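# no FASTA, just this:
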Ligand code: PEP
């Protein structure tokens, strides 16, 4: 089954987010049987959007969680709070968190631990910048980013990896099929070598109705993480429909 995950980032105000979640559910009742749809929403929207999607096939994720479980950490939202509010997933290490909030492996390792303890399924985002790609550092960078995955949970398939080249996010410039296949195989091979298990790997970076068929058709792509195109039904639905079409066969 191919997955379609939506990253709404800091975009939809609450009334719009709730209306959109309802519309998405109505439009994908058939498709949701053949693809896994998850919407990653702001912390304040986890509870109301989960309420709308309760008893449906659509699931909710958080866009981040704290490295702390509880205590005097003003402004933080813990993984357990996300879970209690209705989230089943959490994005970790999105390139925007790395870039604007300086998140690095030491911090992400702790967030990963808290997320797994809370029963959330983490989606670890990895990917290189254009400079790193030009310098031939793609594999080195990704291997380092993957190093936070806990060895003892590898067999459980309790987390997912999303390959999101930084230069492809929000730029309209998706990675080529060859580039995606090369990195996905690298990630799968590296993890299989250590654990004997092949992980789920999603692609993210300017996925759109125009390129969704070619990207979703790739064997090494287990699904897509969609930012900009996930904000409107008009552009998100064709991506969901294509994933569902592949899931039927
Ligand atoms: C993202 O932010 O995870 C993403 C993939 O964004 P976009 O689809 O807009 O490139």
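Arrived safely, thanks for sending. Predicted model, so just to flag it, every value in this text is computed and none were measured. Numbers count the residues shown, from 1 in each chain.
# and the gap between the nearest residue to residue 185 once chain neighbours are set aside and residue 180?
Excluding its sequence neighbours, the residue lying closest to residue 185 (Cβ to Cβ, 6 or more residues apart in numbering) is residue 220, at 5.6 Å. From N, CA and C alone the C-beta is placed, and that goes for glycine too. Distance from residue 220 to residue 180, counting by Cβ to Cβ, to the nearest Å: 7 Å.
# Those two: who's more crowded?
Between residue 220 and residue 180, residue 180 has the larger neighbour count (other Cβ atoms under 10 Å), namely 22 against 18.
# In contact with the closest residue to that one other than its chain neighbours, which residues?
Spatial nearest neighbour of residue 180, excluding adjacent residues (Cβ to Cβ, 6+ apart): residue 203 at 5.3 Å. For residue 203, the contact set (Cβ atoms under 8 Å, 6 or more residues apart in numbering) comprises 162-164, 175, 180, 184, 215, 218, 221, 223-225.
# got it, and residue 208?
So residue 208 contacts 172, 174, 228-229, 235, 239 (Cβ under 8 Å, 6+ apart).
# Could you list the contact residues of the protein toward the ligand?
7, 164, 169-170, 204-207, 225-229 (Cβ under 6 Å from any ligand atom).
# 5 Å - rerun?
Contact residues (Cβ under 5 Å from any ligand atom) of the chain with the ligand: 7, 169-170, 204-206, 225, 227-228.
# Mind giving me the ChimeraX command for buried ones among the residues you listed?
Here is the ChimeraX command that selects only those of the residues of the chain next to the ligand that count as buried (16 or more other Cβ atoms under 10 Å):
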select :7,169,204,205,206,225,227,228
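# May I see the residues of the chain next to the ligand organised as a markdown table, with pLDDT added?
Below are the residues of the chain next to the ligand laid out as a markdown table (pLDDT from 0 to 100):
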| residue | pLDDT |
| --- | --- |
| 7 | 98 |
| 169 | 96 |
| 170 | 92 |
| 204 | 98 |
| 205 | 97 |
| 206 | 96 |
| 225 | 98 |
| 227 | 98 |
| 228 | 97 |
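# okay if I get the residues of the chain next to the ligand as TSV plus distance to residue 47 and secondary structure?
Formatted as TSV, the residues of the chain next to the ligand follow (distance: Cβ to Cβ, whole Å; DSSP: H, G, I helix; E, B strand; the rest coil):
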residue	distance to residue 47	secondary structure
7	19	strand
169	27	coil
170	27	coil
204	25	strand
205	30	coil
206	31	coil
225	23	strand
227	23	coil
228	25	helix
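# Which member of the residues of the chain next to the ligand is positioned nearest the ligand?
Lowest distance from the ligand to these (Cβ to the nearest ligand atom) belongs to residue 227, with 2.2 Å.
# burial measure for residue 189, as a count.
10.
# should've said residue 30
10.
# now it, nearest residue through space, not along the chain?
residue 244 (7.4 Å).
# so what's the one you found up against?
For residue 244, the contact set (Cβ under 8 Å, 6+ apart) comprises 28, 30-35.
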